[in-house]
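Engineer: can't give you the sequence, but here's the structure:
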C-alpha cells in the first residue's frame, strides 16, 4: 500500500522500518529544520544531509513530486519538506500516519485518507483519526486504541537505565545550538555538552550521548536538545529503539486489521 508518514523523527523512522520491511511504499514529510534529537536513527536527517541510512532503509530528500516518485521507483524513501502534508493530494495514500509527536493534533483529519492513524496524545479515535497508537512506556506501549485517546503526556520522560528527567539535555537559553560533544561520546555529570547562545549546557548524569540536535539550529530555552543514556551501550546510539519498534508493530497491526475487515 501507499503510506504517508507525517514526521521523520526516530519514532516515525521506527514505524517506517516496520512498514517498509512489509513491502509498503513510504513517503515521509518534515519541517524545514527538523528538531530530531536521535538523529543517527532518524530519516529526518535527509533534510540536512540529502541522504540518510538507518538500518535497512535509505531516505533521500525530495523537493518535488517528480523527485519523490523517482526516489520511490528506486525502492528508497523520499523525505519532503511539507509541514502541511499537501503532498497527500497527489500521492493519494491508502494510509496516513501522523507521527509528528507534537502531543497535539496539528491538522490531521480523519477524511485525509481511507485510513488515518494518530501516534500518541492529542488524537481521538473516531474523531480525527480511525485509531491511535499508545506511546507511553509500559505494558500498553504500542497498543491500538479504537475508541478514545492515548494516555495524556505527563511531561516526565520514560525511565531508561534508572533515570527519567536527568537524562535529558535542555537548552539553557534562546539561541543557536553549538554541540560540544557528539552522539556516541561518553560524558561525566557536570560536563559541558553544548552551548545555546552564550550559555553552557551541562550533562546531568554520567553516560553516553544517545542524541544531540543538529549544530546551528535555533532553539528556545527549555527545549530538549539531547539525551544521555546511563546504560553506556554504543549500539543503542545507532539502532532503532525498542519503543519505536513497538509503536511500529502497533501501526502494522492496525493496518492489517483494518484492511482484513473491509
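Structural biologist: In hand now; what should we look at? Bear in mind the structure is a predicted one, so any value in this text is a computation, not a measurement.
Engineer: now do the strands in the stretch 151-262 of the chain.
Structural biologist: With DSSP state E, counting those that start in this stretch as the criterion, the stretch 151-262 of the chain has strands at 168-170, 175-179, 186-187, 192-196, 199-202, 207-212, 218-219, 224-229.
Engineer: who are the packing partners of the last one?
Structural biologist: Under the contact criterion of 3 or more C-beta pairs under 8 Å, 6 or more residues apart in numbering; DSSP states H and E, the helices and strands touching strand 224-229 comprise strand 168-170, strand 192-196, strand 207-212. All C-beta atoms are positioned from the backbone trio N, CA, C, and that covers glycine.
Engineer: wait, which of those is closest to residue 48?
Structural biologist: Nearest to residue 48, of all the helices and strands packed on strand 224-229, is strand 207-212, at 13.2 Å by C-beta to C-beta.
Engineer: next, the angle from that closest one to strand 175-179.
Structural biologist: 130 degrees (axes from the mean of the first three to the mean of the last three C-alpha atoms, to 10 degrees).
Engineer: in JSON lines: the helices and strands packed on strand 224-229, plus mean neighbour count and mean pLDDT.
Structural biologist: Below are the helices and strands packed on strand 224-229 laid out as JSON lines (neighbours: other C-beta atoms under 10 Å; pLDDT from 0 to 100):
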{"stretch": "strand 168-170", "mean neighbour count": "20", "mean pLDDT": "95"}
{"stretch": "strand 192-196", "mean neighbour count": "20", "mean pLDDT": "97"}
{"stretch": "strand 207-212", "mean neighbour count": "24", "mean pLDDT": "96"}
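Engineer: residue 225 is nearest to which of those?
Structural biologist: Of the helices and strands packed on strand 224-229, nearest to residue 225 by C-beta to C-beta is strand 168-170, at 5.4 Å.
Engineer: residue 244 - how many residues pack around it?
Structural biologist: Per other C-beta atoms under 10 Å, the neighbour tally for residue 244 reads 26.
Engineer: so residue 2 touches residue 90, yeah?
Structural biologist: No: in this structure residue 2 lies outside contact range of residue 90 using C-beta atoms under 8 Å: 11.2 Å.
Engineer: these two: who's more crowded?
Structural biologist: Of the pair residue 2 and residue 90, residue 2 is the one with more neighbours under other C-beta under 10 Å, namely 15 against 9.
Engineer: give me the pLDDT for that one.
Structural biologist: Residue 2 is assigned 97 on the pLDDT scale.
Engineer: for it, name its beta-bridge partners.
Structural biologist: The residues listed as beta-bridge partners of residue 2 by DSSP bridges are residue 25.
Engineer: again, but for residue 96
Structural biologist: According to DSSP bridges, the partner residues bridging residue 96 are residue 4, residue 116.
Engineer: from residue 115, how far off is it?
Structural biologist: According to C-beta to C-beta, to the nearest Å, residue 96 stands 8 Å off from residue 115.
Engineer: residue 21 too?
Structural biologist: In terms of C-beta to C-beta, residue 21 sits 19 Å off from residue 115.
Engineer: between the two, which one's more packed in?
Structural biologist: Legend: neighbour count by other C-beta under 10 Å for residue 21 and residue 115, higher for residue 115 (21 against 13).
Engineer: per-residue pLDDT of the more buried one, please?
Structural biologist: 98.
Engineer: and it, how far is that from residue 4?
Structural biologist: Separation of residue 115 from residue 4 (C-beta to C-beta) stands at 11 Å.
Engineer: give me the common contacts of those two.
Structural biologist: Overlap of the contact sets of residue 115 and residue 4 (by C-beta atoms under 8 Å, 6 or more residues apart in numbering) consists of 95-96.
Engineer: thanks a lot, see you next time.
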